[in-house]
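Participant: Got a sequence here, can you model it:
(2 chains)
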Amino acid sequence: MEGTSRQYPILLVEDNEDDVVIIRRAIEKRGIRNRLYVVPDGEEALNFLRKEGKFRDAPRPGLVLLDLKMPKTDGFEVLKQVKNDNDLKIIPIVILTSSGRAEDVRRAYTLGCNSYLVKPEKFEKLTETVMEIDQYWLKTSRMP
Amino acid sequence: MDTAETGREALEKSKAGFYNMALLDIKLPDTDGTELLKSLPKMAKIIVTGYPELDNAVRSLNLGADAYLMKPVDPRSLLGVVEEKLREQEEAEKTSLERVKNWIRTQVERTRDLSMRKRSEEEMKHLIDILDSYNRLLQESNRSLERANADLENYAYAVSHDLKAPLRAILSFSNFLLEDYGGKMDATGRDYIERIVKAAENMNAFINDLLILSRIGRESNTVEEVDLNNLLGEIMTDLEPLMVKRDSHVVVTDLPTIQAQRTWLKQLFTNLIDNGLKFNESETPRVEVRCDEREKDNLFAVRDNGVGIEEQYLCRIFNLFERLHAKEEYEGTGAGLAICKRIVENLGGRIWVESTPGEGSTFLFTIPKKGLAYEGKEDGRNITAISDTLSRR
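Facilitator: Modelled structure (predicted):
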(Lines give C-alpha, C1' and ligand atoms only; values in the text may rest on other atoms or scores of the structure.)
Protein backbone atom coordinates (compact mmCIF):
# COMPACT_ATOMS: atom_id res chain seq x y z
CA MET A 1 0.00 0.00 0.00
CA GLU A 2 1.56 3.19 -1.17
CA GLY A 3 1.38 6.20 1.08
CA THR A 4 0.54 4.37 4.27
CA SER A 5 2.35 5.29 7.43
CA ARG A 6 4.41 2.12 7.34
CA GLN A 7 7.50 4.00 6.36
CA TYR A 8 7.20 6.68 9.01
CA PRO A 9 9.33 6.51 12.10
CA ILE A 10 7.79 6.42 15.56
CA LEU A 11 8.85 8.80 18.32
CA LEU A 12 8.63 7.39 21.82
CA VAL A 13 8.71 10.03 24.56
CA GLU A 14 9.46 8.12 27.76
CA ASP A 15 11.66 8.93 30.74
CA ASN A 16 11.64 5.47 32.28
CA GLU A 17 14.41 3.40 30.72
CA ASP A 18 12.83 0.12 31.79
CA ASP A 19 9.63 1.10 30.03
CA VAL A 20 11.64 2.04 26.93
CA VAL A 21 13.15 -1.44 26.79
CA ILE A 22 9.78 -3.09 27.47
CA ILE A 23 7.93 -1.04 24.81
CA ARG A 24 10.71 -1.55 22.29
CA ARG A 25 10.51 -5.31 22.87
CA ALA A 26 6.72 -5.25 22.48
CA ILE A 27 7.06 -3.36 19.21
CA GLU A 28 9.67 -5.80 17.92
CA LYS A 29 7.59 -8.79 19.04
CA ARG A 30 4.75 -7.43 16.94
CA GLY A 31 7.05 -7.35 13.98
CA ILE A 32 6.71 -3.61 13.55
CA ARG A 33 9.68 -2.45 11.53
CA ASN A 34 9.12 1.28 11.71
CA ARG A 35 12.18 3.00 13.04
CA LEU A 36 11.80 3.86 16.74
CA TYR A 37 13.32 7.05 18.13
CA VAL A 38 13.36 7.61 21.86
CA VAL A 39 13.65 10.88 23.81
CA PRO A 40 13.55 11.05 27.63
CA ASP A 41 11.51 14.20 28.21
CA GLY A 42 9.07 16.71 26.76
CA GLU A 43 11.66 19.32 25.99
CA GLU A 44 13.66 16.96 23.77
CA ALA A 45 10.43 15.74 22.20
CA LEU A 46 9.56 19.28 21.10
CA ASN A 47 13.09 19.84 19.85
CA PHE A 48 12.90 16.58 17.92
CA LEU A 49 9.58 17.50 16.32
CA ARG A 50 10.76 21.03 15.49
CA LYS A 51 14.13 19.76 14.29
CA GLU A 52 15.91 22.07 16.69
CA GLY A 53 19.36 21.81 18.28
CA LYS A 54 20.85 18.33 18.07
CA PHE A 55 17.73 17.11 16.26
CA ARG A 56 18.37 19.27 13.18
CA ASP A 57 18.42 16.17 10.99
CA ALA A 58 15.64 14.28 12.76
CA PRO A 59 12.95 12.74 10.55
CA ARG A 60 9.33 13.73 10.92
CA PRO A 61 7.61 10.96 12.90
CA GLY A 62 4.36 9.42 11.69
CA LEU A 63 3.30 8.66 15.25
CA VAL A 64 4.22 9.90 18.70
CA LEU A 65 3.88 7.65 21.75
CA LEU A 66 3.80 10.09 24.63
CA ASP A 67 4.18 9.49 28.35
CA LEU A 68 2.48 12.09 30.56
CA LYS A 69 4.51 12.10 33.73
CA MET A 70 7.98 13.28 32.84
CA PRO A 71 10.57 15.65 34.26
CA LYS A 72 10.85 19.23 32.97
CA THR A 73 8.26 19.56 30.20
CA ASP A 74 5.56 16.96 30.82
CA GLY A 75 3.34 15.18 28.31
CA PHE A 76 0.45 17.62 28.63
CA GLU A 77 2.70 20.52 27.70
CA VAL A 78 4.09 18.64 24.68
CA LEU A 79 0.54 17.81 23.61
CA LYS A 80 -0.57 21.41 23.97
CA GLN A 81 2.35 22.79 22.00
CA VAL A 82 2.13 20.23 19.21
CA LYS A 83 -1.64 20.65 18.80
CA ASN A 84 -1.24 24.43 18.67
CA ASP A 85 1.42 24.18 16.02
CA ASN A 86 -0.06 24.34 12.52
CA ASP A 87 2.77 22.32 11.06
CA LEU A 88 2.88 19.60 13.74
CA LYS A 89 -0.73 19.23 14.81
CA ILE A 90 -1.58 16.58 12.20
CA ILE A 91 0.91 14.12 13.68
CA PRO A 92 -1.12 11.55 15.64
CA ILE A 93 -0.26 11.46 19.30
CA VAL A 94 -1.05 8.39 21.37
CA ILE A 95 -0.77 8.84 25.11
CA LEU A 96 0.89 5.80 26.69
CA THR A 97 0.90 6.30 30.43
CA SER A 98 0.45 4.49 33.73
CA SER A 99 -2.22 6.96 34.89
CA GLY A 100 -5.77 5.90 34.17
CA ARG A 101 -7.13 8.82 36.15
CA ALA A 102 -10.30 10.20 34.57
CA GLU A 103 -9.04 13.72 35.09
CA ASP A 104 -5.87 12.99 33.09
CA VAL A 105 -7.79 11.26 30.32
CA ARG A 106 -10.18 14.20 29.99
CA ARG A 107 -7.38 16.72 30.00
CA ALA A 108 -5.38 14.83 27.38
CA TYR A 109 -8.35 14.57 25.02
CA THR A 110 -9.20 18.23 25.59
CA LEU A 111 -5.66 19.11 24.55
CA GLY A 112 -6.15 17.09 21.37
CA CYS A 113 -4.55 13.69 21.82
CA ASN A 114 -5.64 11.12 19.26
CA SER A 115 -5.76 8.14 21.56
CA TYR A 116 -5.18 7.42 25.24
CA LEU A 117 -3.75 4.10 26.36
CA VAL A 118 -2.89 3.00 29.88
CA LYS A 119 0.34 1.04 30.20
CA PRO A 120 -0.73 -2.50 31.04
CA GLU A 121 0.76 -4.23 34.05
CA LYS A 122 1.66 -7.29 32.09
CA PHE A 123 3.83 -7.52 29.02
CA GLU A 124 1.36 -9.66 27.08
CA LYS A 125 -1.18 -6.90 27.49
CA LEU A 126 1.36 -4.39 26.28
CA THR A 127 1.96 -6.35 23.10
CA GLU A 128 -1.81 -6.31 22.56
CA THR A 129 -1.79 -2.55 23.08
CA VAL A 130 1.04 -2.17 20.62
CA MET A 131 -0.88 -4.36 18.21
CA GLU A 132 -3.85 -2.02 18.51
CA ILE A 133 -1.65 0.99 17.85
CA ASP A 134 -0.15 -0.82 14.89
CA GLN A 135 -3.52 -1.83 13.52
CA TYR A 136 -5.09 1.55 13.85
CA TRP A 137 -2.38 4.14 13.44
CA LEU A 138 0.24 2.42 11.40
CA LYS A 139 -1.84 0.29 9.05
CA THR A 140 -5.31 1.73 8.86
CA SER A 141 -4.85 5.45 9.11
CA ARG A 142 -3.63 7.26 6.05
CA MET A 143 -1.10 9.92 6.71
CA PRO A 144 -1.21 13.19 4.85
CA MET B 1 -34.65 59.07 132.90
CA ASP B 2 -37.81 60.86 133.63
CA THR B 3 -40.59 60.59 136.18
CA ALA B 4 -44.32 61.04 136.07
CA GLU B 5 -46.63 61.33 139.07
CA THR B 6 -49.77 60.25 137.32
CA GLY B 7 -50.88 58.01 134.52
CA ARG B 8 -51.84 61.00 132.35
CA GLU B 9 -48.41 62.60 132.83
CA ALA B 10 -46.78 59.32 131.90
CA LEU B 11 -48.81 59.07 128.70
CA GLU B 12 -48.08 62.67 127.67
CA LYS B 13 -44.35 62.27 128.33
CA SER B 14 -44.19 58.99 126.49
CA LYS B 15 -45.81 60.64 123.44
CA ALA B 16 -43.46 63.64 123.55
CA GLY B 17 -40.20 61.72 123.82
CA PHE B 18 -38.66 58.37 123.19
CA TYR B 19 -38.26 56.01 126.13
CA ASN B 20 -36.78 52.63 126.19
CA MET B 21 -38.41 51.56 129.37
CA ALA B 22 -41.12 52.37 131.86
CA LEU B 23 -41.13 51.46 135.54
CA LEU B 24 -44.74 51.47 136.66
CA ASP B 25 -46.49 51.34 140.00
CA ILE B 26 -49.90 49.73 139.95
CA LYS B 27 -51.56 52.13 142.33
CA LEU B 28 -51.46 55.53 140.68
CA PRO B 29 -53.56 58.60 141.68
CA ASP B 30 -55.58 58.75 138.43
CA THR B 31 -55.35 55.24 137.04
CA ASP B 32 -54.22 51.69 137.43
CA GLY B 33 -50.69 50.92 136.31
CA THR B 34 -51.97 47.81 134.51
CA GLU B 35 -54.18 50.08 132.35
CA LEU B 36 -51.12 52.12 131.45
CA LEU B 37 -49.50 48.95 130.09
CA LYS B 38 -52.10 49.00 127.33
CA SER B 39 -51.86 52.72 126.52
CA LEU B 40 -48.15 53.30 126.60
CA PRO B 41 -46.32 52.99 123.32
CA LYS B 42 -44.02 50.10 122.66
CA MET B 43 -41.20 49.92 125.15
CA ALA B 44 -40.03 47.68 127.95
CA LYS B 45 -42.54 47.84 130.78
CA ILE B 46 -41.71 46.78 134.32
CA ILE B 47 -44.27 46.78 137.10
CA VAL B 48 -42.85 47.76 140.50
CA THR B 49 -45.44 47.38 143.23
CA GLY B 50 -46.10 46.70 146.86
CA TYR B 51 -49.01 44.40 146.07
CA PRO B 52 -47.89 40.87 145.88
CA GLU B 53 -51.24 39.53 144.59
CA LEU B 54 -50.73 36.85 142.07
CA ASP B 55 -53.69 37.86 139.89
CA ASN B 56 -52.23 41.38 139.58
CA ALA B 57 -48.97 39.98 138.42
CA VAL B 58 -50.65 37.62 135.94
CA ARG B 59 -52.81 40.41 134.59
CA SER B 60 -49.84 42.70 134.20
CA LEU B 61 -47.80 40.16 132.32
CA ASN B 62 -50.80 39.36 130.11
CA LEU B 63 -51.15 43.03 129.29
CA GLY B 64 -47.57 43.31 128.16
CA ALA B 65 -45.44 43.83 131.23
CA ASP B 66 -41.95 42.52 130.80
CA ALA B 67 -41.34 42.05 134.53
CA TYR B 68 -43.12 42.28 137.85
CA LEU B 69 -41.03 43.43 140.80
CA MET B 70 -42.07 43.62 144.40
CA LYS B 71 -41.43 46.63 146.65
CA PRO B 72 -39.22 47.28 148.46
CA VAL B 73 -37.25 46.89 145.29
CA ASP B 74 -33.87 45.35 145.62
CA PRO B 75 -31.75 47.78 143.54
CA ARG B 76 -29.60 44.95 142.27
CA SER B 77 -32.52 42.94 140.97
CA LEU B 78 -34.04 46.10 139.45
CA LEU B 79 -30.75 46.91 137.84
CA GLY B 80 -30.51 43.34 136.63
CA VAL B 81 -33.94 43.47 135.06
CA VAL B 82 -33.34 46.89 133.53
CA GLU B 83 -30.01 45.82 132.09
CA GLU B 84 -31.51 42.64 130.75
CA LYS B 85 -34.36 44.49 129.11
CA LEU B 86 -32.07 47.04 127.61
CA ARG B 87 -29.87 44.28 126.28
CA GLU B 88 -32.90 42.52 124.85
CA GLN B 89 -33.92 45.71 123.16
CA GLU B 90 -30.48 46.18 121.79
CA GLU B 91 -30.56 42.62 120.52
CA ALA B 92 -33.93 43.21 118.95
CA GLU B 93 -32.65 46.33 117.30
CA LYS B 94 -29.65 44.47 116.09
CA THR B 95 -31.91 41.78 114.76
CA SER B 96 -34.09 44.25 112.97
CA LEU B 97 -30.99 45.98 111.70
CA GLU B 98 -29.85 42.62 110.46
CA ARG B 99 -33.23 42.15 108.86
CA VAL B 100 -32.92 45.48 107.10
CA LYS B 101 -29.40 44.67 106.07
CA ASN B 102 -30.60 41.35 104.73
CA TRP B 103 -33.42 43.00 102.90
CA ILE B 104 -31.05 45.48 101.36
CA ARG B 105 -28.68 42.68 100.52
CA THR B 106 -31.50 40.77 98.84
CA GLN B 107 -32.51 43.85 96.91
CA VAL B 108 -28.94 44.44 95.91
CA GLU B 109 -28.63 40.86 94.87
CA ARG B 110 -31.87 40.98 92.99
CA THR B 111 -30.63 44.05 91.21
CA ARG B 112 -27.40 42.31 90.59
CA ASP B 113 -29.36 39.31 89.31
CA LEU B 114 -31.15 41.56 86.88
CA SER B 115 -27.92 43.04 85.68
CA MET B 116 -26.52 39.52 85.61
CA ARG B 117 -29.33 38.49 83.36
CA LYS B 118 -28.59 41.41 81.17
CA ARG B 119 -24.99 40.41 81.24
CA SER B 120 -25.81 36.80 80.52
CA GLU B 121 -27.79 37.92 77.50
CA GLU B 122 -24.65 39.63 76.38
CA GLU B 123 -22.74 36.50 77.20
CA MET B 124 -25.27 34.50 75.22
CA LYS B 125 -24.70 36.72 72.26
CA HIS B 126 -21.00 36.29 72.77
CA LEU B 127 -21.53 32.54 72.95
CA ILE B 128 -23.49 32.62 69.72
CA ASP B 129 -20.67 34.60 68.17
CA ILE B 130 -18.25 31.97 69.37
CA LEU B 131 -20.49 29.22 68.01
CA ASP B 132 -20.75 31.05 64.74
CA SER B 133 -17.04 31.34 64.49
CA TYR B 134 -16.75 27.65 65.38
CA ASN B 135 -19.19 27.05 62.57
CA ARG B 136 -17.03 28.97 60.21
CA LEU B 137 -14.02 27.08 61.49
CA LEU B 138 -15.90 23.85 60.95
CA GLN B 139 -16.82 24.83 57.43
CA GLU B 140 -13.25 25.89 56.86
CA SER B 141 -11.94 22.59 58.21
CA ASN B 142 -14.50 20.79 56.05
CA ARG B 143 -13.07 22.56 53.07
CA SER B 144 -9.53 21.79 54.09
CA LEU B 145 -10.60 18.21 54.68
CA GLU B 146 -11.92 18.10 51.14
CA ARG B 147 -8.65 19.55 50.00
CA ALA B 148 -6.77 17.00 52.09
CA ASN B 149 -8.89 14.25 50.54
CA ALA B 150 -8.06 15.51 47.09
CA ASP B 151 -4.41 15.66 48.13
CA LEU B 152 -4.66 12.13 49.44
CA GLU B 153 -6.12 10.97 46.16
CA ASN B 154 -3.31 12.65 44.28
CA TYR B 155 -0.88 11.13 46.70
CA ALA B 156 -2.40 7.68 46.21
CA TYR B 157 -2.05 8.09 42.48
CA ALA B 158 1.53 9.29 42.75
CA VAL B 159 2.40 6.40 45.05
CA SER B 160 0.69 3.87 42.83
CA HIS B 161 2.39 5.31 39.78
CA ASP B 162 5.76 5.25 41.44
CA LEU B 163 5.28 1.80 42.95
CA LYS B 164 3.85 0.27 39.86
CA ALA B 165 6.56 1.40 37.47
CA PRO B 166 9.31 -0.69 39.13
CA LEU B 167 6.86 -3.55 39.62
CA ARG B 168 6.06 -3.53 35.95
CA ALA B 169 9.77 -3.69 35.26
CA ILE B 170 10.28 -6.60 37.69
CA LEU B 171 7.38 -8.51 36.14
CA SER B 172 8.34 -7.77 32.57
CA PHE B 173 12.03 -8.53 32.86
CA SER B 174 11.40 -11.71 34.85
CA ASN B 175 9.15 -12.85 32.05
CA PHE B 176 11.71 -11.82 29.41
CA LEU B 177 14.27 -13.92 31.29
CA LEU B 178 11.96 -16.91 31.27
CA GLU B 179 11.07 -16.45 27.62
CA ASP B 180 14.57 -15.87 26.31
CA TYR B 181 16.72 -17.82 28.73
CA GLY B 182 14.32 -20.26 30.38
CA GLY B 183 15.68 -23.06 28.25
CA LYS B 184 19.21 -22.43 29.44
CA MET B 185 18.22 -22.59 33.12
CA ASP B 186 17.57 -25.62 35.28
CA ALA B 187 14.30 -26.14 37.13
CA THR B 188 15.55 -24.36 40.28
CA GLY B 189 16.52 -21.27 38.28
CA ARG B 190 13.12 -21.17 36.63
CA ASP B 191 11.40 -21.72 40.01
CA TYR B 192 13.22 -18.70 41.43
CA ILE B 193 12.09 -16.50 38.59
CA GLU B 194 8.54 -17.76 38.89
CA ARG B 195 8.63 -16.82 42.57
CA ILE B 196 9.76 -13.32 41.64
CA VAL B 197 6.86 -13.06 39.20
CA LYS B 198 4.37 -14.35 41.78
CA ALA B 199 5.57 -11.94 44.47
CA ALA B 200 5.42 -9.00 42.09
CA GLU B 201 1.92 -9.98 41.00
CA ASN B 202 0.78 -10.17 44.63
CA MET B 203 2.23 -6.78 45.35
CA ASN B 204 0.53 -5.40 42.30
CA ALA B 205 -2.84 -6.76 43.48
CA PHE B 206 -2.13 -5.24 46.87
CA ILE B 207 -1.49 -1.79 45.44
CA ASN B 208 -4.61 -2.04 43.30
CA ASP B 209 -6.75 -2.94 46.32
CA LEU B 210 -5.31 -0.09 48.35
CA LEU B 211 -6.07 2.26 45.50
CA ILE B 212 -9.66 1.02 45.29
CA LEU B 213 -10.07 1.46 49.05
CA SER B 214 -8.73 4.98 48.92
CA ARG B 215 -11.05 5.90 46.08
CA ILE B 216 -14.36 4.67 47.54
CA GLY B 217 -16.45 7.60 48.62
CA ARG B 218 -13.97 10.16 47.37
CA GLU B 219 -14.09 9.66 43.67
CA SER B 220 -17.20 11.39 42.42
CA ASN B 221 -18.52 8.47 40.43
CA THR B 222 -21.94 9.35 39.17
CA VAL B 223 -24.90 7.74 40.87
CA GLU B 224 -27.01 6.00 38.27
CA GLU B 225 -29.89 3.56 37.91
CA VAL B 226 -28.28 0.16 38.07
CA ASP B 227 -30.21 -2.91 36.98
CA LEU B 228 -28.61 -5.49 39.24
CA ASN B 229 -29.75 -8.44 37.10
CA ASN B 230 -27.84 -6.92 34.24
CA LEU B 231 -24.83 -6.17 36.45
CA LEU B 232 -24.76 -9.71 37.86
CA GLY B 233 -24.84 -11.09 34.32
CA GLU B 234 -21.78 -9.00 33.54
CA ILE B 235 -19.99 -10.22 36.66
CA MET B 236 -20.75 -13.85 35.81
CA THR B 237 -19.24 -13.38 32.37
CA ASP B 238 -16.10 -12.00 34.03
CA LEU B 239 -15.97 -14.92 36.49
CA GLU B 240 -16.69 -17.56 33.87
CA PRO B 241 -13.10 -18.82 33.54
CA LEU B 242 -13.00 -19.40 37.30
CA MET B 243 -16.45 -21.03 37.30
CA VAL B 244 -15.78 -23.38 34.43
CA LYS B 245 -12.54 -24.53 36.00
CA ARG B 246 -14.28 -25.89 39.09
CA ASP B 247 -17.82 -26.63 37.89
CA SER B 248 -19.16 -23.73 39.94
CA HIS B 249 -22.63 -22.27 39.83
CA VAL B 250 -23.91 -18.82 40.62
CA VAL B 251 -27.66 -18.57 41.07
CA VAL B 252 -29.23 -15.14 40.95
CA THR B 253 -32.85 -14.64 41.98
CA ASP B 254 -34.62 -11.61 40.60
CA LEU B 255 -32.85 -8.45 41.76
CA PRO B 256 -34.08 -4.86 41.85
CA THR B 257 -32.81 -1.78 40.06
CA ILE B 258 -31.16 0.59 42.51
CA GLN B 259 -29.55 4.01 42.54
CA ALA B 260 -25.82 3.80 43.16
CA GLN B 261 -22.38 3.98 41.59
CA ARG B 262 -22.21 1.10 39.15
CA THR B 263 -18.43 0.63 39.52
CA TRP B 264 -18.69 0.12 43.27
CA LEU B 265 -21.69 -2.20 43.05
CA LYS B 266 -19.79 -4.33 40.58
CA GLN B 267 -16.77 -4.41 42.88
CA LEU B 268 -19.00 -5.34 45.84
CA PHE B 269 -20.82 -8.24 44.19
CA THR B 270 -17.69 -9.46 42.42
CA ASN B 271 -15.72 -9.64 45.67
CA LEU B 272 -18.48 -11.47 47.53
CA ILE B 273 -19.20 -13.98 44.77
CA ASP B 274 -15.51 -14.52 44.10
CA ASN B 275 -14.93 -15.19 47.82
CA GLY B 276 -17.82 -17.64 47.91
CA LEU B 277 -16.34 -19.61 45.03
CA LYS B 278 -12.74 -19.28 46.18
CA PHE B 279 -13.07 -20.29 49.84
CA ASN B 280 -14.93 -23.38 48.81
CA GLU B 281 -13.92 -27.02 48.98
CA SER B 282 -17.23 -28.40 47.70
CA GLU B 283 -17.36 -30.62 44.63
CA THR B 284 -19.70 -28.13 43.05
CA PRO B 285 -19.13 -24.69 44.51
CA ARG B 286 -22.35 -22.73 44.55
CA VAL B 287 -23.21 -19.11 45.30
CA GLU B 288 -26.74 -17.74 45.56
CA VAL B 289 -27.56 -14.07 45.32
CA ARG B 290 -30.97 -12.83 46.36
CA CYS B 291 -32.67 -9.71 47.65
CA ASP B 292 -35.53 -8.95 50.02
CA GLU B 293 -37.15 -5.62 49.36
CA ARG B 294 -38.07 -3.99 52.64
CA GLU B 295 -39.73 -0.71 53.58
CA LYS B 296 -36.66 1.45 53.81
CA ASP B 297 -33.95 -0.67 52.25
CA ASN B 298 -33.05 -3.70 50.23
CA LEU B 299 -31.55 -6.62 52.11
CA PHE B 300 -29.14 -8.60 49.95
CA ALA B 301 -27.82 -12.05 50.73
CA VAL B 302 -24.88 -13.76 49.06
CA ARG B 303 -24.83 -17.37 50.25
CA ASP B 304 -22.20 -19.99 49.51
CA ASN B 305 -21.58 -23.63 50.32
CA GLY B 306 -17.94 -22.93 51.11
CA VAL B 307 -15.63 -23.61 54.02
CA GLY B 308 -17.43 -21.21 56.38
CA ILE B 309 -15.97 -19.02 59.08
CA GLU B 310 -15.36 -19.96 62.70
CA GLU B 311 -17.37 -17.85 65.11
CA GLN B 312 -14.37 -16.21 66.75
CA TYR B 313 -13.29 -14.78 63.39
CA LEU B 314 -16.66 -13.41 62.32
CA CYS B 315 -16.00 -9.90 63.62
CA ARG B 316 -12.50 -9.74 62.18
CA ILE B 317 -13.08 -10.67 58.58
CA PHE B 318 -14.05 -7.17 57.49
CA ASN B 319 -10.78 -5.73 58.75
CA LEU B 320 -8.22 -4.60 56.23
CA PHE B 321 -5.69 -7.27 55.26
CA GLU B 322 -7.12 -9.72 57.76
CA ARG B 323 -6.54 -13.21 56.48
CA LEU B 324 -7.94 -16.32 58.09
CA HIS B 325 -6.10 -18.66 55.82
CA ALA B 326 -2.45 -19.06 54.93
CA LYS B 327 -1.43 -17.30 51.74
CA GLU B 328 -0.58 -20.63 50.18
CA GLU B 329 -4.06 -21.97 50.90
CA TYR B 330 -6.11 -19.30 49.17
CA GLU B 331 -4.99 -16.43 46.99
CA GLY B 332 -5.89 -12.86 47.73
CA THR B 333 -4.74 -9.66 49.31
CA GLY B 334 -7.04 -9.72 52.34
CA ALA B 335 -8.58 -6.41 51.32
CA GLY B 336 -11.65 -7.78 49.52
CA LEU B 337 -14.11 -7.68 52.42
CA ALA B 338 -12.73 -4.38 53.73
CA ILE B 339 -13.51 -2.98 50.29
CA CYS B 340 -17.03 -4.46 50.46
CA LYS B 341 -17.59 -2.96 53.89
CA ARG B 342 -16.49 0.46 52.77
CA ILE B 343 -18.68 0.34 49.68
CA VAL B 344 -21.77 -0.72 51.65
CA GLU B 345 -21.19 1.86 54.36
CA ASN B 346 -20.63 4.50 51.75
CA LEU B 347 -24.05 3.68 50.36
CA GLY B 348 -25.47 4.14 53.88
CA GLY B 349 -25.93 0.44 54.53
CA ARG B 350 -24.58 -2.26 56.82
CA ILE B 351 -22.82 -5.55 56.12
CA TRP B 352 -22.49 -8.65 58.28
CA VAL B 353 -22.03 -12.38 57.96
CA GLU B 354 -23.65 -15.54 59.22
CA SER B 355 -21.75 -18.78 58.92
CA THR B 356 -21.56 -22.43 59.85
CA PRO B 357 -18.04 -23.81 59.51
CA GLY B 358 -18.00 -26.61 56.98
CA GLU B 359 -21.40 -25.72 55.57
CA GLY B 360 -21.02 -22.23 54.20
CA SER B 361 -21.43 -18.54 54.81
CA THR B 362 -24.08 -15.96 54.03
CA PHE B 363 -22.97 -12.39 53.58
CA LEU B 364 -25.82 -9.99 54.21
CA PHE B 365 -25.92 -6.29 53.48
CA THR B 366 -28.47 -3.53 53.26
CA ILE B 367 -28.64 -0.69 50.78
CA PRO B 368 -31.04 2.10 51.74
CA LYS B 369 -33.55 3.14 49.11
CA LYS B 370 -33.10 6.39 47.25
CA GLY B 371 -33.15 9.49 49.42
CA LEU B 372 -32.22 7.59 52.55
CA ALA B 373 -28.69 6.90 51.52
CA TYR B 374 -26.96 9.93 52.93
CA GLU B 375 -28.92 10.50 56.12
CA GLY B 376 -26.01 10.45 58.48
CA LYS B 377 -23.90 12.91 56.60
CA GLU B 378 -25.09 16.26 57.85
CA ASP B 379 -23.24 16.53 61.14
CA GLY B 380 -21.85 19.87 60.13
CA ARG B 381 -25.33 21.36 59.99
CA ASN B 382 -26.30 20.42 63.53
CA ILE B 383 -24.06 23.13 64.94
CA THR B 384 -25.80 25.73 62.82
CA ALA B 385 -29.11 24.51 64.17
CA ILE B 386 -27.92 24.90 67.76
CA SER B 387 -26.67 28.37 67.10
CA ASP B 388 -29.97 29.34 65.49
CA THR B 389 -31.89 28.11 68.50
CA LEU B 390 -29.70 30.17 70.76
CA SER B 391 -30.08 33.35 68.82
CA ARG B 392 -33.86 33.04 68.85
CA ARG B 393 -33.96 33.09 72.66
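Participant: make it CA atoms for all contacts and neighbour counts henceforth
Facilitator: Will do.
Participant: low pLDDT regions in chain A?
Facilitator: Scanning chain A with the threshold set as pLDDT under 70 gives A:1-6, A:138-144.
Participant: Assign a three-state SS to the most centrally placed residue in it, would you?
Facilitator: Note on chain A: the residue nearest the mean C-alpha position is A:L65, at 1.2 Å, using C-alpha atoms, centre = their mean. Classification of A:L65 by DSSP: H, G, I helix; E, B strand; the rest coil places it in strand.
Participant: Tell me the residues on chain A that lie near chain B, please.
Facilitator: A:D18, A:D19, A:I22, A:S98, A:S99, A:E121, A:K122, A:F123 (C-alpha under 8 Å from any C-alpha of the partner chain).
Participant: Leaving out chain neighbours, which residue sits closest to residue 39?
Facilitator: Because you didn't say which chain, this covers chain A. A:V13 (5.1 Å; C-alpha to C-alpha, 6 or more residues apart in numbering or on different chains).
Participant: You answered for a different chain; I wanted chain B.
Facilitator: Per C-alpha to C-alpha, 6+ apart, closest to B:S39 is B:L11, 7.4 Å.
Participant: Report the mean per-residue pLDDT for the longest helix along chain B.
Facilitator: Longest helix in chain B, counting residues (DSSP state H): helix B:75-181. Across helix B:75-181, the average pLDDT comes to 79.
Participant: Next SSE downstream of that helix?
Facilitator: helix B:187-215 (DSSP states H and E).
Participant: In that next one, which residues are buried?
Facilitator: By neighbour count on 16 or more other C-alpha atoms under 10 Å in any protein chain shown, the buried set for helix B:187-215 is B:190, B:193-194, B:196-197, B:200-201, B:203-204, B:206-215.
Participant: filter those residues down to the ones close to chain A.
Facilitator: Counting by C-alpha under 8 Å from any C-alpha, no member of the buried residues of helix B:187-215 reaches chain A.
Participant: one step back: who touches the residue nearest to A:V39 in this structure?
Facilitator: Counting by C-alpha atoms under 8 Å, 6 or more residues apart in numbering or on different chains, A:V13 makes contact with A:V38, A:V39, A:P40, A:D41, A:G42, A:A45, A:V64, A:L65, A:L66, A:D67.
Participant: re the thing from before, can you tell me which of the residues of chain A next to chain B comes closest to B:L347?
Facilitator: The nearest member of those to B:L347, counting by C-alpha to C-alpha, is A:S99 at 27.0 Å.
Participant: Verify the contact between the closest one and B:H161 for me.
Facilitator: Yes - counting by C-alpha atoms under 8 Å, B:H161 is a contact partner of A:S99 at 6.9 Å.
Participant: circling back: so the residue nearest to B:S39 is in which element?
Facilitator: Counting by DSSP H and E, B:L11 is found in helix B:7-16.
Participant: Walk me through which strands the next helix or strand after that helix pairs with, and which way each runs.
Facilitator: Next along the chain after helix B:7-16, taking DSSP H and E as the criterion, comes strand B:21-24. Here strand B:21-24 has these sheet partners by DSSP bridges: strand B:44-49 (parallel).
Participant: and the partner strand, how far out from the chain's middle?
Facilitator: 75 Å (C-alpha atoms, centre = their mean, to the nearest Å).
Participant: before we move on, what about stretch A:55-68?
Facilitator: That offset, for stretch A:55-68, works out to 7 Å (C-alpha atoms, centre = their mean).
Participant: tell me which residues of it are tucked away?
Facilitator: Quick answer for stretch A:55-68 (16+ other C-alpha under 10 Å): A:P59, A:R60, A:P61, A:G62, A:L63, A:V64, A:L65, A:L66, A:D67, A:L68.
Participant: Which residues outside that stretch are in contact with it?
Facilitator: A:5, A:8-15, A:47-49, A:51, A:74-76, A:91-97, A:137-138, A:143.
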